[in-house]
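# coordinates only, sequence not included:
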Ligand code: UDP
Ligand code: MG
């Protein structure tokens, strides 16, 4: 059995030592206990600090350390895709963050569950240490999104997970450009085994997520999985149509019976602002879908590799996402 640990890194120099020490300690013991081979694949997502230098140092002293380094920052989704693409022959892949927010202690449990036959093992964090408003907002988000999209997303479950070879192939078969991994992992099925853990605050370095990015991520989640937002426009439009029809009949009757009396100031302002904003939002939603189509049809690769110590032939074959 061969297990690969996949670590996307973007400017993680301050924590990488910590992470690597913990990870290699745990793996060297556990690989003996559970009898498996392993390596660690760092995907350097175009870091501008010493991340790559540090990784190269590890690689020079430890033959189990592999790396792929991108030509610039392509985002975590691309980093994970690249890592999985290079790992379609190993028995299992564990995806783990490099900032120690994903406790490496869980990896042995995940591998154990894998040997028991699970194709996906996910780690689920609680929300210890998070601000109250954030917890509420997240709860609201999951409540809403699960009603709106086809797959069911679980609060606290992220990218920290083990995928069997079958699951890796399934994830790779969804080669879309706009990647919403949370949804993709749920979409491929393979009922996962869930391992719970306590949330950890980042040890060092900073999270790359701003509030705006989180907000956009939430919208991505809504839009990447189906066309329900488009359909909801039809519902809203129809509803307004019915109301305006009733209103027209009533106003007409009023005008015929009693003559035109009111200046209609409120109605006019209401119609302009309300309908105007609904139209703008609708155009926005449609535009968002068109934007996605635009990116999909371009067939751009998800990432460009700069350097790697994986076998050359392997990478050349896989460099672009869509052949
Ligand atoms: N990451 C990455 N590319 C990016 C942003 C982040 O590879 O453009 C990596 C980062 O190094 C870390 C993981 O993705 O290992 C999660 O990032 P972060 O801690 O910023 O996100 P959060 O934990 O807040 O979701
Ligand atoms: Mg983090």
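Arrived safely. Just so you know, these numbers come straight off a predicted model, no measurement behind them. Ligands and ions are numbered 1, 2, ... in the order given.
# For the stretch 151-300 of the chain, which segments count as helices?
Ranges of helices in the stretch 151-300 of the chain, per DSSP state H, counting those that start in this stretch, are 165-173, 181-187, 211-223, 228-258, 265-270, 276-298.
# Lowest average pLDDT across those helices?
Ranked by mean pLDDT, the helices of the stretch 151-300 of the chain end with helix 211-223 at the bottom, a mean of 79.
# Please, where are all the strands along the stretch 1-150 of the chain?
Defined through DSSP state E, counting those that start in this stretch, the strands belonging to the stretch 1-150 of the chain, from first to last, are 2-9, 37-44, 65-70, 92-95, 120-125.
# So which of the helices of the stretch 151-300 of the chain is nearest ligand 2?
Among the helices of the stretch 151-300 of the chain, helix 211-223 comes nearest to ligand 2, with 12.3 Å by C-beta to the ion. To be clear about C-beta, it is placed using only N, CA and C from the backbone, and glycine gets the same treatment.
# mind listing what's buried in that closest one?
Within helix 211-223, the residues that qualify as buried by neighbour count (16 or more other C-beta atoms under 10 Å) are 220-223.
# could these go into JSON lines alongside distance to residue 90?
Putting the buried residues of helix 211-223 into JSON lines (distance: C-beta to C-beta, whole Å) gives the following:
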{"residue": "220", "distance to residue 90": "29"}
{"residue": "221", "distance to residue 90": "29"}
{"residue": "222", "distance to residue 90": "34"}
{"residue": "223", "distance to residue 90": "33"}
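# Could you list which residues are in contact with residue 159?
Neighbour list for residue 159: 76, 80, 95, 97, 181-182, 185 [criterion: C-beta atoms under 8 Å, 6 or more residues apart in numbering].
# no, scratch that, I was asking about residue 30
Applying C-beta under 8 Å, 6+ apart to residue 30 gives the contacts 107-108, 111.
# Just those residues: which are in helices?
Counting by DSSP state H, the members of those that fall within helices are 107-108, 111.
# Please identify the deepest-packed of the helices of the stretch 151-300 of the chain.
helix 181-187 (a mean of 20; mean count of other C-beta atoms under 10 Å).
# How far away from the center of its chain is that one?
8 Å (C-alpha atoms, centre = their mean, to the nearest Å).
# in the chain, which segments are predicted with low confidence?
Segments of the chain classed as low confidence (criterion: pLDDT under 70) are 201-209, 312-323.
# Around ligand 2, which positions in it sit nearby?
Along the chain, the residues adjacent to ligand 2 under the rule C-beta under 5 Å from the ion are 99, 101.
# Contact residues of this structure facing ligand 1?
Residues of the chain that fall close to ligand 1, judged by C-beta under 6 Å from any ligand atom: 8-10, 12, 45, 73, 75-76, 79, 97-99, 101, 207-209.
# Only whichever of those are buried, select them in PyMOL.
Those of those that count as buried under 16+ other C-beta under 10 Å are selected in PyMOL with:
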select buried, resi 8+9+10+12+45+73+75+76+79+97+98+99+101
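# ok, of the residues of the chain next to ligand 1, which one's closest to residue 193?
When those are compared for distance to residue 193 (C-beta to C-beta), residue 97 wins out at 19.8 Å.
# Of the strands of the stretch 1-150 of the chain, flag the one that's most buried.
strand 92-95 (a mean of 26).
# returning to that earlier point: which two in the contacts of residue 159 are spaced the farthest apart?
Farthest apart among the contacts of residue 159 by C-beta to C-beta are 97 and 185. That separation is 14.9 Å.
# and the gap between the residue of the stretch 101-250 of the chain found nearest ligand 2 and residue 308?
The nearest approach of the stretch 101-250 of the chain to ligand 2 comes at residue 101, 4.2 Å away (C-beta to the ion). Using C-beta to C-beta, to the nearest Å, one gets 26 Å for the distance from residue 101 to residue 308.
# can you check residue 84 too?
Shown here: residue 84 relative to residue 308, a distance of 15 Å by C-beta to C-beta.
# cool, and residue 160?
24 Å.
# now residue 226
With C-beta to C-beta as the criterion, residue 226 and residue 308 are 36 Å apart.
# Next: residue 29.
28 Å.
# Neighbour count: those two, which is higher?
The neighbour comparison of residue 29 against residue 308 (other C-beta atoms under 10 Å) goes to residue 308, with 20 against 11.
# Quick check, that one in contact with residue 65.
No. The pair residue 308 and residue 65 does not pass the contact test of C-beta atoms under 8 Å, sitting 11.9 Å apart.
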